[in-house]
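> Structure of the sequence below:
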Amino acid sequence: MSDRPEVDWTTVPYRGLGDRTRPEPVDLATVVAGLPDGLRDRLAERADRLGYINGFLAVGLHHPGAVLALLDMTEQLKAALDPEHVLIVALATHQALGNEYERAQYLDVARAHGMSEAWIGAAQGRAVGGLTAAEEAVRRLTLAVVFAAPPTPALTAAGAHLDDRGLVAIIHLAARFVATSRISHALSLRPMTGPSPTAHDDPRGIAAAPAE
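Below is the predicted model:
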């Protein structure tokens with residue numbers, strides 16, 4: 001028997017979608033009803049923890065198997081790395097590509113993780129210093145993936161601190177964030193700031209993201 005939280009999917013708002021110029025999000029209640037329990041549990045946990053489903057998922061669930069496979073991949077890659085290295089890959093990628101939607105989310109995660117503002121600035125490449133030698137090597141390898149730069153120098157430097165499993169995880173995770181940055185840009189997803197919306201914000205139960 002599934003132990004997922006009971007969720008009224010007809011009232012769960014979408015966050016990160018600010019207008020109607022992009023493909024409409026799915027009817028969550030209809031989509032979730034057709035998912036295996038294990039996949040419904042994943043979404044229910046997010047809805048229970050956050051109170052909403054983000055815009056990336058709301059639109060992406062037109063192809064639920066693909067999106068949830070992406071989530072599985074991401075979790076496995078994150079599990080292979082130190083949490084600080086995951087944050088560096090995310091912040092460096094989204095800063096470099098101007099993806100404010102996901103950068104804002106990872107800024108919140110970094111602060112909740114107790115990282116200093118100096119560290120956060122350095123992870124994004126907005127400040128000099130603040131990272132250990134290993135962390136700086138992770139950042140440079142990430143940027144080599146983002147910009148398709150010659151990989152050998154960055155890979156060699158990171159290899160002094162990480163084994164092959166860690167190196168491959170960084171490369172794959174950076175490529176994953178590049179892909180989702182492009183998707184976020186194509187869908188004009190906005191940072192999710194301000195108080196959590198409710199279903200009453202929109203007559204169809206779809207809450208628009210607050211204006212910047």
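
> what's the longest helix in this structure?
The single longest helix within the chain, with elements called by DSSP state H, is helix 164-186.

> what helices or strands is it leaning on?
Helices and strands touching helix 164-186, by 3 or more CB pairs under 8 Å, 6 or more residues apart in numbering; DSSP states H and E, are helix 55-60, helix 64-79, helix 83-96, helix 100-112, helix 133-146, helix 152-159. Heads up, the C-betas are built off the backbone N, CA and C, glycines and all.

> and the residue nearest the centre of the chain, what does it touch?
Among the residues of the chain, Glu102 comes closest to the average C-alpha position under CA atoms, centre = their mean, at 5.5 Å. Shown in contact with Glu102 (CB atoms under 8 Å, 6 or more residues apart in numbering): 90, 94, 177, 180-181, 184.

> Using TSV, please lay out the helices and strands packed on helix 164-186 together with distance to Ala29.
Output for the helices and strands packed on helix 164-186, formatted as TSV (distance: least, CB to CB, whole Å):
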stretch	distance to Ala29
helix 55-60	13
helix 64-79	13
helix 83-96	31
helix 100-112	25
helix 133-146	38
helix 152-159	45
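
> Out of the ones you listed, which is closest to Ala123?
Ala123 lies closest, by CB to CB, to one member of the helices and strands packed on helix 164-186: helix 83-96, at 4.4 Å.

> And that closest one, what's buried?
If you call a residue buried by 16 or more other CB atoms under 10 Å, then helix 83-96 has these buried ones: 84-96.

> For Gly55, state which of those residues is nearest.
His94 (14.9 Å).

> Next, count neighbours for the closest residue to the closest one other than its chain neighbours.
Of all residues not flanking His94 in the chain, Arg103 sits nearest, at 3.8 Å (CB to CB, 6 or more residues apart in numbering). If you count neighbours by other CB atoms under 10 Å, Arg103 ends up with 22.

> Please look at Arg103 and Leu87 and confirm they touch.
No - counting by CB atoms under 8 Å, Leu87 is not a contact partner of Arg103; they are 11.2 Å apart.

> so what's the closest residue to His85 other than its chain neighbours up against?
Nearest residue to His85, sequence neighbours excluded (CB to CB, 6+ apart): Val138, at 4.9 Å. Contact analysis of Val138 by CB under 8 Å, 6+ apart lists 85, 88-89, 158, 161-162, 170.
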